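J.: Generate coordinates for the sequence data below:
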Amino acid sequence: MQIEQILIDSLIPYIRNSRTHSDAQVAQIAASIKEFGFTNPILIDADGGIIAGHGRIMAARQMGLTTVPCIRLGHLTEAQRRAYVIADNKLAMNAGWDEKMLAIELSELTALDFDLGLTGFENDELAELLSGFNGEDERKSSAKELDPDGYQMGHKCPKCGFEFDGK
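T.: Sure thing, here's the model as predicted:
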């Protein structure tokens with residue numbers, strides 16, 4: 001597999017793409033690309049038709065990028081290509097969350113002063129996830145040991161500044 005930098009204007013959106021992207025979600029993708037880099041290449045067919053990455057293309061345009069990293073999947077049949085357009089999105093949606101582990105990660109990212117808005121969660125989702133975090137049982141399963149004397153249960157949303165105590 002080889003990653004190619006390809007001009008956005010030369011890529012062909014799939015006219016029957018059933019996945020939609022709101023302006024807010026495209027802004028989230030753009031913020032993610034700005035923070036982490038373009039870590040997920042666009043998947044294209046042999047002729048430059050977009051298989052996966054329509055939202056990333058929209059975000060790249062919004063950011064003023066002219067090229068994007070792409071991987072050609074020229075080996076797919078037409079039926080495989082069309083099915084993969086759907087499967088790429090749906091399979092990711094079928095995953096779940098280990099909410100205790102997620103709360104640990106979010107709490108520790110908060111302690112590191114990281115903008116949790118970049119994770120894609122809305123403020124109310126973050127508040128709900130972190131509200132049940134008590135630090136006791138979760139600390140035992142954390143890969144990183146926390147110092148009980150230096151650990152504070154207060155949480156502050158880095159996006160809106162709302163403070164809650166985790167109770």
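J.: and Ile51, which of the three is it?
T.: strand (DSSP: H, G, I helix; E, B strand; the rest coil).
J.: And the pLDDT at the closest residue to it other than its chain neighbours?
T.: By the measure of Cβ to Cβ, 6 or more residues apart in numbering, the closest residue to Ile51 outside its immediate chain neighbours is Leu43, 4.3 Å from it. To be clear about C-beta, it is placed using only N, CA and C from the backbone, and glycine gets the same treatment. For Leu43, the pLDDT comes out at 97.
J.: again, but for Gln80
T.: Listed pLDDT for Gln80 reads 97.
J.: Determine the three-state secondary structure at it.
T.: helix.
J.: Show me the shaky parts of this structure.
T.: 133-167 (pLDDT under 70).
J.: Can you give the domain ranges for it?
T.: Domain segmentation of the chain under automatic domain parsing yields 3-93, 99-164.
J.: any chance of those domains in JSON lines, plus mean neighbour count?
T.: Listed next are those as JSON lines, based on neighbours: other Cβ atoms under 10 Å:
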{"stretch": "domain 3-93", "mean neighbour count": "15"}
{"stretch": "domain 99-164", "mean neighbour count": "14"}
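J.: coming back round to it: check contacts around the residue nearest to Ile51.
T.: Taking Cβ atoms under 8 Å, 6 or more residues apart in numbering, we find Leu43 in contact with 50-53, 70-71, 73, 84, 88.
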